[in-house]
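**Q** with the sequence up front, the predicted model follows.
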Amino acid sequence: MNHSPRTSTVLSCSLLVVALVAGATACGSDNSPTAKPYDAADQISFNGPSDGKKADPDKALEVTAKDGEGRITDVTAVDATGRFVPGELSADGDRWHSTSPLAAGARYTLRVSTENEDGAPGRKVLDFETGTPKAKKTLKVKFGPKAGEYGVGQPVTAELSTPVKDLAARRIVERALRVDSVPAVEGSWYWVDDKTLHYRPREYWPAHAKINVHSNLKGIRVDRSLWGAESKPVKLTTGDKIVAVTDASSHQMTVYRNGEDINEVPVTTGKPGFETRNGIKVVLEKQSFVQMRSATVGIAEGSGDSYDLPVHWATRLTWSGEYVHAAPWSVGSQGAANVSHGCTGLSTGDAEWFFETVREGDIVQVVNSDGEDMSAFDNGFGDWNLDWTKWREGSAVLGGGKNATDRNSVQTVQAARLRPQV
């Protein structure tokens, strides 16, 4: 079908403004904004079910304009829960088709807007239901962290109940996992492995943001044998923006709240052979007391580096045992030398202040250490150590999920989460 551009012709209306105010219709036309849409049933064809039958959720929806009957101008498809079905409309308005699977066992409303050869608007609303497969394997999603208030560095996590390896299936899953925030931010999912995704914004979350995490996977076919199930949503908020920067060379920690320097304290970090990791870390948890034993990190008992110490005000940064904590035994070196086994040691008073100031999800960044760089996923939340371009590459939608890591390596390190180091 060929459609030439249309122009509206207005008949002699020297008193147009007066006529409109008075409600006169002498200058109206079929494509007036106030024209009532006609029933477009005879203008379009729909491939959906009829006679009370249910649609196959695996079959794409398609609406076409009948030859010589005008064109389609807009189509929306939404189910009873408010989930919209994405679709594409051809440039000439001849055809619209859905571009993602429908949900099984759902009720949909399809609204089609048209325009005839004279430019008059038409409308057709179609309701239909989709069938439910007799047997299916379901995919559930567990979001993390649990509901509550967190620091601006807290990633959102999604743990899948079964592995998803196929790229097309990953895209279906990723598009259905929604993270909405107020204020809105640019963000993306990253496939850590076949069962784990992390979500973070391009920059840290705004302070005092509201974050809603939910899944639209229910009833959606992920692959030939896997269907999405209902998952529990999570609501999060962020507090003040707290960022602590530890300079291992100057032996100082500077703590910022919403960009303002609120405290500077002397510290000691890892000595040669036990250097503290460089990079951005996220507070994982806080423990007011931990008994730290060197044997848990592979240091032989009785050696010069062995220890068995009661430690107070311990803020955990990695699952392998890096903390910010009270170290009264090293006060003489704090601010002057690095003498720890990898942790950041403070006086008891400073460690208690830090413990009470930060929350899970706050940022601790170590700079100018001779240690290795903080890894992204296998020892806590090192997500922020990937730049935005690299992060997007881990998305199945934006970058093809090329950076997904081996799940076994993640499990191995997380199994060692109770191994503290001083």
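**A** Yep, it's here.

**Q** where in the stretch 1-150 of the chain is pLDDT low?
**A** Scanning the stretch 1-150 of the chain for pLDDT under 70 picks out 1-35, 134-135.

**Q** try it again at 80.
**A** For the stretch 1-150 of the chain, residues meeting the criterion pLDDT under 80 lie at 1-35, 50-52, 58, 68-69, 132-136.

**Q** show me the helices in it, by range?
**A** Taking DSSP state H, counting those that start in this stretch, the helices of the stretch 1-150 of the chain run over residues 16-22.

**Q** quick one, strands of it?
**A** 38-39, 44-46, 62-65, 71-79, 87-89, 95-98, 107-115, 121-129, 137-139, 141-144, 148-150 (DSSP state E, counting those that start in this stretch).

**Q** so for Leu177, which of those strands sits nearest?
**A** With CB to CB, the closest approach to Leu177 among these belongs to strand 141-144: 6.7 Å. (Glycine included, C-beta is placed from N, CA and C.)

**Q** and that closest one, what's buried?
**A** Neighbour counts over strand 141-144 (16 or more other CB atoms under 10 Å) mark Val141, Phe143 as buried.

**Q** please name every helix or strand in contact with that strand.
**A** Applying 3 or more CB pairs under 8 Å, 6 or more residues apart in numbering; DSSP states H and E, one finds that strand 141-144 contacts strand 156-160, strand 210-215.

**Q** ok, now with 7 Å
**A** Here strand 141-144 touches strand 156-160, going by 3 or more CB pairs under 7 Å, 6 or more residues apart in numbering; DSSP states H and E.

**Q** in TSV, list the strands of the stretch 1-150 of the chain along with distance to Phe355.
**A** Formatted as TSV, these follow (distance: least, CB to CB, whole Å):
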stretch	distance to Phe355
strand 38-39	69
strand 44-46	63
strand 62-65	60
strand 71-79	48
strand 87-89	53
strand 95-98	53
strand 107-115	52
strand 121-129	56
strand 137-139	39
strand 141-144	23
strand 148-150	16
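
**Q** nearest to Lys210, of the ones you listed?
**A** With CB to CB, the closest approach to Lys210 among the strands of the stretch 1-150 of the chain belongs to strand 148-150: 10.4 Å.

**Q** packing partners for that closest one?
**A** Against strand 148-150 (3+ CB pairs under 7 Å, 6+ apart) you get strand 234-238.

**Q** orientation of the strand it packs on relative to strand 210-215 in degrees?
**A** 160 degrees (axes from the mean of the first three to the mean of the last three CA atoms, to 10 degrees).

**Q** so strand 234-238 versus strand 156-160, what angle?
**A** Going by the same axes, to 10 degrees, strand 234-238 makes 160 degrees with strand 156-160.

**Q** just how off-centre is strand 234-238 within its chain?
**A** 12 Å (CA atoms, centre = their mean, to the nearest Å).

**Q** on that earlier part again, wait, which of the strands of the stretch 1-150 of the chain is closest to Glu260?
**A** Among the strands of the stretch 1-150 of the chain, the nearest to Glu260 by CB to CB is strand 148-150 (20.0 Å).

**Q** hmm, back to that, who wins for proximity to Gly228 among the strands of the stretch 1-150 of the chain?
**A** Using CB to CB, the nearest of these to Gly228 is strand 137-139, at 5.3 Å.

**Q** sheet partners, orientation included, of the closest one?
**A** According to DSSP bridges, strand 137-139 forms sheet pairs with strand 226-228 (parallel).

**Q** following the chain onward from the helix or strand harbouring Val311, which element is next?
**A** Assigned by DSSP states H and E, Val311 belongs to strand 308-316. Using DSSP H and E, the helix or strand that follows strand 308-316 in sequence is strand 323-326.

**Q** show me what that next one is packed against.
**A** strand 308-316, strand 344-346, helix 348-357.

**Q** what's next to stretch 164-175, contact-wise?
**A** Stretch 164-175 is contacted from outside by 100-101, 189, 191, 194, 217, 220, 222-223, 395-397, 400-401, using CB atoms under 7 Å, 6 or more residues apart in numbering.

**Q** buried sites along that stretch?
**A** Going by 16+ other CB under 10 Å, stretch 164-175 has these buried residues: Val164, Ala169, Arg170, Arg171, Ile172, Val173, Glu174, Arg175.

**Q** endpoint to endpoint, stretch 132-142 covers what distance?
**A** Start-to-end span of stretch 132-142 (CA to CA, to the nearest Å) is 24 Å.

**Q** and the closest residue to Ala229 other than its chain neighbours, what are its bridge partners?
**A** Using CB to CB, 6 or more residues apart in numbering and skipping residues adjacent in sequence, the residue nearest Ala229 is Thr138, 3.9 Å away. Beta-bridge partners for Thr138, by DSSP bridges, are Trp227.

**Q** follow-up on the earlier one: dump the buried residues of stretch 164-175 into JSON lines; add secondary structure and pLDDT as well.
**A** JSON lines is the format used below for those (DSSP: H, G, I helix; E, B strand; the rest coil; pLDDT from 0 to 100):
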{"residue": "Val164", "secondary structure": "coil", "pLDDT": "97"}
{"residue": "Ala169", "secondary structure": "helix", "pLDDT": "95"}
{"residue": "Arg170", "secondary structure": "helix", "pLDDT": "97"}
{"residue": "Arg171", "secondary structure": "helix", "pLDDT": "96"}
{"residue": "Ile172", "secondary structure": "helix", "pLDDT": "94"}
{"residue": "Val173", "secondary structure": "helix", "pLDDT": "97"}
{"residue": "Glu174", "secondary structure": "helix", "pLDDT": "97"}
{"residue": "Arg175", "secondary structure": "helix", "pLDDT": "95"}
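
**Q** tell me how many other residues crowd Ser330.
**A** For Ser330, the number of neighbouring residues by other CB atoms under 10 Å comes to 19.

**Q** quick one: residues contacting it.
**A** Thr268, Val339, Ser340, Gly345.

**Q** what is the most widely separated pair among these?
**A** Val339 and Gly345 (7.8 Å).

**Q** and the two? which has more neighbours close in?
**A** Gly345 (28 against 20).

**Q** assess the claim that that one and Ala327 are in contact.
**A** Yes: Gly345 is in contact with Ala327 according to CB atoms under 7 Å; the separation is 3.0 Å.

**Q** okay, and the common contacts of those two?
**A** By CB under 7 Å, 6+ apart, Gly345 and Ala327 have these common neighbours: Thr268.

**Q** Asn212 pairs with what?
**A** Asp180, Lys235.
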